[in-house]
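In: everything below, folded, please.
(one chain, ligands or ions: 1)
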Amino acid sequence: MKILLVEDEEGLIFTLTDRLISEGYKVTTARDGEAGLNAGLNNSFDVIILDIMLPKKNGFDVCRELRAKGIFTPILMLTAKGETIDKVVGLKLGADDYLTKPFEIIELLARIEALLRRSTNTIANSLESYSFGDIEIDFRRAEVKKSGIPLDLSAMEFKILQYFIEHRGEVLKRDELLDEVWGYDAMPTTRTVDVHIAWLRQKLEENPRYPVYIQTVHGFGYKFTA
Ligand code: CA
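Out: Model (predicted):
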């Protein structure tokens, strides 16, 4: 398993690298945001550990740019103590988890394992491509086309669509979508789900007012039908 560590504190780099290697991980280190972004874009990793306060480019920008370029490697963000705003912003930008400094290494290892488990499950279940109506989805390239024309979906919209397709025909509750797609609790509300679904419908449906693919199941949630 390969880990990209984007961090500028030498002491932390040394401690983490040493421990991760002894746990059997291959570790690549980047000491500033630009180097981290380049490493993330040009190599494949299983997990990216991303500090927020970095020289040249901060962790938020690195995270956003990776997601915008279709890199969906799980990202664990490192925030400084008390910066709760970091957590909110980081998760909105597409990070999968966060850890507040200072942390116990055992805690970091547990988070990494959880992320690896989650992403392995997703890959095992997912399809390479899928199409319905005039929509075509290429999961490997994270591309969606409608009648052959590329659609501009956000990383979150793509994740929701993927989850719907993996669970097609099932009634999905808003809470389940929050847990499974957003992957954390408390911050967004079920209203957030409705908003994102509305955006997805705008992009996918012929008539978003009368959706055919993403149906509302009153009193329960949503159901995707191809
Ligand atoms: Ca730092």
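In: surely T17 and I3 touch.
Out: No - in terms of CB atoms under 8 Å, T17 does not count as a neighbour of I3; the distance is 9.2 Å. The C-beta positions use only the backbone N, C-alpha and C, and glycine is treated the same way.
In: what about L12, distance to L5?
Out: Remark: distance between L12 and L5 (CB to CB, to the nearest Å) = 9 Å.
In: the more surrounded of these two?
Out: Applying other CB atoms under 10 Å to L12 and L5 shows that L5 carries more neighbours, namely 24 against 16.
In: for the more buried one, name its beta-bridge partners.
Out: T29, I49 (DSSP bridges).
In: list the residues that contact D8.
Out: Residues near D8 by CB atoms under 8 Å, 6 or more residues apart in numbering: 31-32, 51, 53-55.
In: need the residues touching each of L12 and L5.
Out: Counting by CB under 8 Å, 6+ apart, L12 and L5 have no shared contacts at all.
In: which neighbours do T17 and I3 have in common?
Out: Taking CB under 8 Å, 6+ apart as the contact rule, the neighbours common to T17 and I3 are V27.
In: between these two, which is the more surrounded one?
Out: Each of T17 and I3 has its neighbours counted (other CB under 10 Å); I3 has more, 23 against 17.
In: so what pLDDT did that one get?
Out: With respect to pLDDT, I3 scores 96.
In: and the lengthiest helix in the chain, C-alpha only, in CSV?
Out: In the chain, assigned by DSSP state H, the helix with the most residues is helix 105-125. Written as CSV, here are the backbone C-alpha positions of helix 105-125 (Å, rounded to 0.1, in the frame of the first residue of the first chain):
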residue,chain,number,x,y,z
ILE,A,105,0.3,7.6,15.7
ILE,A,106,-1.9,4.6,16.6
GLU,A,107,-4.9,6.9,15.8
LEU,A,108,-3.5,7.9,12.5
LEU,A,109,-2.9,4.2,11.6
ALA,A,110,-6.5,3.3,12.5
ARG,A,111,-7.8,6.1,10.3
ILE,A,112,-5.6,5.0,7.4
GLU,A,113,-6.8,1.4,7.7
ALA,A,114,-10.4,2.6,7.8
LEU,A,115,-9.9,4.6,4.6
LEU,A,116,-8.2,1.7,2.9
ARG,A,117,-11.1,-0.6,3.8
ARG,A,118,-13.7,1.8,2.5
SER,A,119,-12.0,2.4,-0.8
THR,A,120,-11.2,-1.3,-1.4
ASN,A,121,-14.9,-2.0,-0.9
THR,A,122,-15.9,0.7,-3.3
ILE,A,123,-13.5,-0.5,-6.0
ALA,A,124,-14.6,-4.1,-5.6
ASN,A,125,-18.3,-3.2,-6.0
